[in-house]
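> below are the sequence and a predicted model; questions follow.
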Amino acid sequence: MAAMKHHDLSTKEGRKAHRHEMRMVAVRPRRWGLWLLTAGFLLLLTPSALDVHSLFGLWPPMLGALCIMVGAPLLVASVVLKRRYLQQRMAGQQLVDRIRG
């Protein structure tokens, strides 16, 4: 955490680097959560839309519910991780400002 660089937001490059850094925080749990939620909703719709009542010997709505139950906590975890990162970053910036006087 000590090596975090605070970007100069008055320049275009600094703003671009800051946006990129914020996008990359907790990207994996967010991406997996969105994929699982999408797959879950599609599996929930499969029996009525495509008249498929068995997928690999399992019931599609059950698989869809399972995907949703795994995907939702991943999205919540990504939000928590991003908020924690931002809080730590802001605390570090306040400390730097306090030291500079």
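Cool, got the structure.
> now do the phi/psi pair for residue 58.
phi -120, psi 160 (degrees, to the nearest 10).
> run a quick neighbour tally on it.
11 (other CB atoms under 10 Å). For the C-beta atoms, the positions are set from N, CA and C on the backbone; glycine is no exception.
> now do the one 4 residues further on
Counted by other CB under 10 Å, the residues lying close to residue 62 total 12.
> what's the answer for residue 53, then?
10.
> that one belongs to a strand?
No. Using DSSP: H, G, I helix; E, B strand; the rest coil, the assignment for residue 53 is coil, not a strand.
> next one: phi and psi at residue 7?
phi -80, psi 150.
> need the contact list for it.
14-15, 17-18, 21 (CB atoms under 8 Å, 6 or more residues apart in numbering).
> quick check: which ranges of this structure have low pLDDT?
1-5, 49, 55-56, 95-97, 101 (pLDDT under 70).
> do a quick rundown of the helices in it.
12-24, 27-50, 60-100 (DSSP state H).
> show me what counts as buried in stretch 85-97.
Across stretch 85-97, burial judged by 16 or more other CB atoms under 10 Å covers 85, 89.
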